[in-house]
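[1] model this:
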Amino acid sequence: MLELRRDAMRSVLTLARFVVLEARRTGLPLLVVCALGIGIGLAGFLSQLALTESATLQAGVLAAFFRVTAVFLTAAFVITSMVRESNDKGIEILLSLPISRTAYYLGKLAGFAVCSTVLAGVFSLVMLLWSPPLSVAVWFISLVLEVLLTVVVSLFFVITVGDVVPAMAATAGMYLLSRVIAAIQSISDSPLVGDQNILQKVARSGVDLVALLLPPLDRATQTVWLLYGTPSPGEFMQIAGTLLVYGALVAAAGLFDFHRRNL
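    Sure thing, here's the model as predicted:
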């Protein structure tokens, strides 16, 4: 039993290493360099426009830009890598070897997680030019959790639908909805709405139900942490814990779906 576990662990680590090598050999590093260049150039441009508090404006815009870029690059790399391997029959070849589906899935997940963590680290290092180290450290941890959740969700959708466009659309839709669902709830609960009829109440209940099924990404990796100070430890732990639990549930669902597929 112990030998089987060691073999499974070696398989997971080997697959993760192959994912990291794939990321290095593809255009992902070049895209990261281009994103850094665009971000720094944007910061320089904003410094010429702002009359006061130019550093605050630069930090705010760059934080939002780097956050969206990290999520997009992570999702794109996960989905295109898996679809390319599926089209090349790589999954069937690997699973014909003494590698379990669980080891394969966890190995891919670990490799993508390493790549996304490095991506978040590169962007966070640049933010040290505009924000204090403690704020950047908290922002970095939250960004890592956010991109790891993106890895899990992207892998789940690409395993389920098996194509680039539907998987990207589903991942982007879930991410955007998670970011704006709190604002939608605030609008539906606004006192300006007045007396609501039965259809409006049903719609509001539906919005609340959807919010329960989504991760609280609107509270994670906030730009205000870089500008005005970090959140309290309790608040941050609550956000981090929610993202970790949600990611674990999605990973379990993806692994279950991968096991039931006929390859």
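[2] mean confidence for stretch 126-144?
    Summarised as a single mean, pLDDT over stretch 126-144 is 91.
[3] contacts for it?
    Stretch 126-144 has contacts (C-beta atoms under 8 Å, 6 or more residues apart in numbering) with 36, 39-40, 43, 55, 58-59, 62-63, 66-67, 70, 116-117, 120-121, 123-124, 220-222, 225-227, 229-231, 236, 239-240. Where you see a C-beta, it was placed from the backbone N, CA and C, and this is true even at glycine.
[4] mind running it again at 7 Å?
    Contacts of stretch 126-144 with the rest of the structure, by C-beta atoms under 7 Å, 6 or more residues apart in numbering, involve 36, 39, 55, 58-59, 62-63, 67, 70, 117, 120-121, 124, 220-221, 225-226, 229-230, 236, 239.
[5] give the buried residues for that stretch.
    By neighbour count with 16 or more other C-beta atoms under 10 Å, stretch 126-144 contains the buried residues 126-127, 130-131, 135-136, 138-144.
[6] residue ranges with poor pLDDT in the protein?
    1-5, 7, 47, 49-54, 188-197, 200, 263 (pLDDT under 70).
[7] pull the longest helix from it.
    Ranked by number of residues, the top helix in the chain under DSSP state H is helix 54-87.
[8] what helices and strands are in contact with that one?
    Helix 54-87 sits against helix 28-49, helix 101-127, helix 133-161, helix 164-188, helix 224-228, with contacts defined as 3 or more C-beta pairs under 7 Å, 6 or more residues apart in numbering; DSSP states H and E.
[9] and whatever helix or strand comes next after that helix, what other elements does it pack with?
    Once the chain leaves helix 54-87, the next helix or strand it forms, by DSSP states H and E, is helix 90-96. In terms of contacts (3+ C-beta pairs under 7 Å, 6+ apart), helix 90-96 is packed against helix 101-127.
[10] the helix it packs on to helix 133-161, inter-axis angle?
    Interaxial angle of helix 101-127 relative to helix 133-161 (axes from the mean of the first three to the mean of the last three C-alpha atoms, to 10 degrees): 150 degrees.
[11] which parts of helix 101-127 are buried?
    Neighbour-count burial for helix 101-127 [16+ other C-beta under 10 Å]: 101, 103-120, 122-124, 126-127.
[12] that older thread, report the angle between the axes of the longest helix of the chain and helix 28-49?
    Using the same axes, to 10 degrees: helix 54-87 against helix 28-49 is 160 degrees.
[13] and helix 54-87, how far out from the chain middle?
    8 Å (C-alpha atoms, centre = their mean, to the nearest Å).
[14] ok, stretch 81-94 next?
    Using C-alpha atoms, centre = their mean, the offset of stretch 81-94 from its chain centre is 23 Å.
[15] what's that stretch in contact with?
    22, 104, 155, 158, 162-164, 263.
[16] just the buried residues of those.
    Among those, those classed as buried by neighbour count (16+ other C-beta under 10 Å) are 22, 104, 155, 158.
[17] what sits against the last one?
    The neighbours of residue 158, taking C-beta under 7 Å, 6+ apart as the test, are 78-79, 82-83, 167.
[18] likewise for residue 100?
    Contacts of residue 100 (C-beta under 7 Å, 6+ apart): residue 8.
[19] any idea how far it is from residue 8?
    6 Å (C-beta to C-beta, to the nearest Å).
[20] next, count neighbours for the closest residue to residue 35 other than its chain neighbours.
    The shortest distance from residue 35 to any non-neighbouring residue, by C-beta to C-beta, 6 or more residues apart in numbering, is to residue 69 (4.8 Å). Neighbour count for residue 69, taken as other C-beta atoms under 10 Å: 19.
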